[in-house]
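Visitor: quick one: sequence plus predicted model below, questions after.
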Amino acid sequence: MLSSTSLHAHAFTELNEHVFRTKRLVSASAASILVILNGRIVNESYCGYHDHPEDSRPIDAESRFNVASIRKTYLGLAVSLALYEGKIKSINDYIVEYLDGLDPAVFGSTTIRHLLTHTHGLQGSHQRIFAPGTNWKYNNAGVNLLIKLIHNVFGQPLSHVLEDQVLNPYGFKETGWEKQKTEKLVWLNESYPGDQGGEANLFVSTRELAYWGYLHMKKGRIRERQALPASIFEQAVSIATPAGLDDSLPRNGFFWWVQDRPRPASEMGSRLPVGSFQSLGLYGNAVVVIPEYDAVAVRMLNQTGPNPPGFDYLQDIQSFGNAVCSAIIKYRSMELGT
């Protein structure tokens, strides 16, 4: 990716204002926005400080945010890698075939596909709220099982698998699980006992989260080098949701939200083209990938409190995706006019 100082930066004014307005609404101390278009960074802006009060470190390109649930997409790629290497035979395999000690009465009919797409129906470790593949419910029960699965089939924790086979080969330097506060981490006053990939403490810079999305969009081929097979990335961002799920419910790849058409319960904006994919984290961080536009957009936030009265997080993230589309279309029309 190359940086671009654009004469048409004002095409992104409304998008930037959208992000910084959300920052104010949710009382975050920090925010950033970055857009890649046709392999170039065409918009990049940082606002605020690492924490309150505003006498801490200013946010910049080296600031690393806790991306929370976006970590699931890193786990999803590890599952795709395990499938490619034959460590998992199929996502239609039952999870009890890979993990010991699971109650067959609760887990016996649950497949890896169900876990990847939030259609497993599990609530915690001992309860089922619907039959697998019949409904959709976002929670971490499936995530925790798949983290154990990756450890079992690779013989090492998730963080090591990703570092060895993905992050290091592709040159990631500002992505990793952290358990101790350092200067460049946007810390949230939380405590993490481990840094092996089993918890929600993955910290990523704005640029590297954009690079993560870009890597998937380019199917692993960066600067004419294919460090991992394209099929691993293609599989991770293709719809894996069981057939027949209610039309109003979201469609997922390997944890990515994937756009086939606008759906009421999806976090994907209605203007995002078919084939776009996205991930959102608890603190407001998001990465949106739009292959049709050859574009990736990232916003970072560090919201720590509850949503304010009247704030609709689903409408906010949908409108962010739509604002990305509008900005890219405006930018392209300006370029054509020069």
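Guide: On my side now, so go ahead.
Visitor: so where's the stretch 201-338 of the chain uncertain?
Guide: 338 (pLDDT under 70).
Visitor: all helices for it, in order.
Guide: 206-217, 230-236, 313-336 (DSSP state H, counting those that start in this stretch).
Visitor: correct me if wrong: Leu185 contacts Phe203.
Guide: Yes. Taking C-beta atoms under 8 Å as the definition, Leu185 is a contact partner of Phe203 at 5.3 Å. All C-beta atoms are positioned from the backbone trio N, CA, C, and that covers glycine.
Visitor: neighbour count for those two, which is higher?
Guide: Each of Leu185 and Phe203 has its neighbours counted (other C-beta atoms under 10 Å); Phe203 has more, 22 against 17.
Visitor: circling back to that earlier point, now do the shared contacts for Leu185 and Phe203.
Guide: Common contact partners of Leu185 and Phe203 (C-beta atoms under 8 Å, 6 or more residues apart in numbering): Arg64, Asn66, Glu178.
Visitor: so what's the second one up against?
Guide: For Asn66, the residues meeting the contact criterion (C-beta under 8 Å, 6+ apart) are 185-188, 190, 200-203, 281, 283, 285, 302.
Visitor: closest to Asp103 out of the helices of the stretch 201-338 of the chain?
Guide: helix 230-236 (29.3 Å; C-beta to C-beta).
Visitor: got phi/psi on Thr175?
Guide: Phi and psi for Thr175, reported as degrees, to the nearest 10, are phi -140, psi 130.
Visitor: hey, what's it bridged with?
Guide: Val204 (DSSP bridges).
Visitor: before we move on, what about Arg128?
Guide: Applying DSSP bridges, one finds that Arg128 bridges with Leu122.
Visitor: that one contacts Leu122, correct?
Guide: Yes. Between Arg128 and Leu122 there is a contact under C-beta under 8 Å: 5.9 Å.
Visitor: residues in contact with the nearest residue in space to Ser205 that is not next to it in sequence?
Guide: Spatial nearest neighbour of Ser205, chain neighbours left out: Glu174 (3.8 Å); criterion: C-beta to C-beta, 6 or more residues apart in numbering. Each residue near Glu174 by C-beta under 8 Å, 6+ apart is listed here: Glu62, Arg64, Lys184, Val204, Ser205, Arg207, Glu208.
Visitor: closest to Asp55 out of those residues?
Guide: Using C-beta to C-beta, Lys184 is the member of the contacts of Glu174 that lies nearest Asp55, at 17.0 Å.
Visitor: ok, the closest one - how many residues close by?
Guide: 16.
Visitor: test my guess that it contacts Glu62.
Guide: Yes. Lys184 is within contact range of Glu62, at 5.2 Å (criterion: C-beta under 8 Å).
Visitor: could I get the shared contacts of Leu185 and Phe203 in TSV, plus columns for pLDDT and secondary structure?
Guide: Formatted as TSV, the shared contacts of Leu185 and Phe203 follow (pLDDT from 0 to 100; DSSP: H, G, I helix; E, B strand; the rest coil):
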residue	pLDDT	secondary structure
Arg64	98	strand
Asn66	97	strand
Glu178	97	coil
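Visitor: any chance of a markdown table for those residues, columns distance to Trp212?
Guide: Shown next, in a markdown table, are the shared contacts of Leu185 and Phe203 (distance: C-beta to C-beta, whole Å):
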| residue | distance to Trp212 |
| --- | --- |
| Arg64 | 13 |
| Asn66 | 15 |
| Glu178 | 16 |
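Visitor: looking at the residues you listed, which is nearest Met217?
Guide: Arg64 (21.9 Å).
Visitor: what about the residue nearest to that closest one when sequence neighbours are not counted, distance to Asn285?
Guide: Nearest-residue entry for Arg64: Phe203, 4.1 Å, with adjacent residues in sequence omitted and distances by C-beta to C-beta, 6+ apart. Remark: distance between Phe203 and Asn285 (C-beta to C-beta, to the nearest Å) = 11 Å.
Visitor: need the overlap of contacts for the two.
Guide: Common contacts of Phe203 and Asn285 (C-beta under 8 Å, 6+ apart): Phe65, Asn66, Val67.
Visitor: could I get these as JSON lines with distance to Phe233?
Guide: Listed next are the shared contacts of Phe203 and Asn285 as JSON lines, based on distance: C-beta to C-beta, whole Å:
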{"residue": "Phe65", "distance to Phe233": "23"}
{"residue": "Asn66", "distance to Phe233": "24"}
{"residue": "Val67", "distance to Phe233": "19"}
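Visitor: any idea which of those is closest to Ile91?
Guide: Val67 (24.0 Å).
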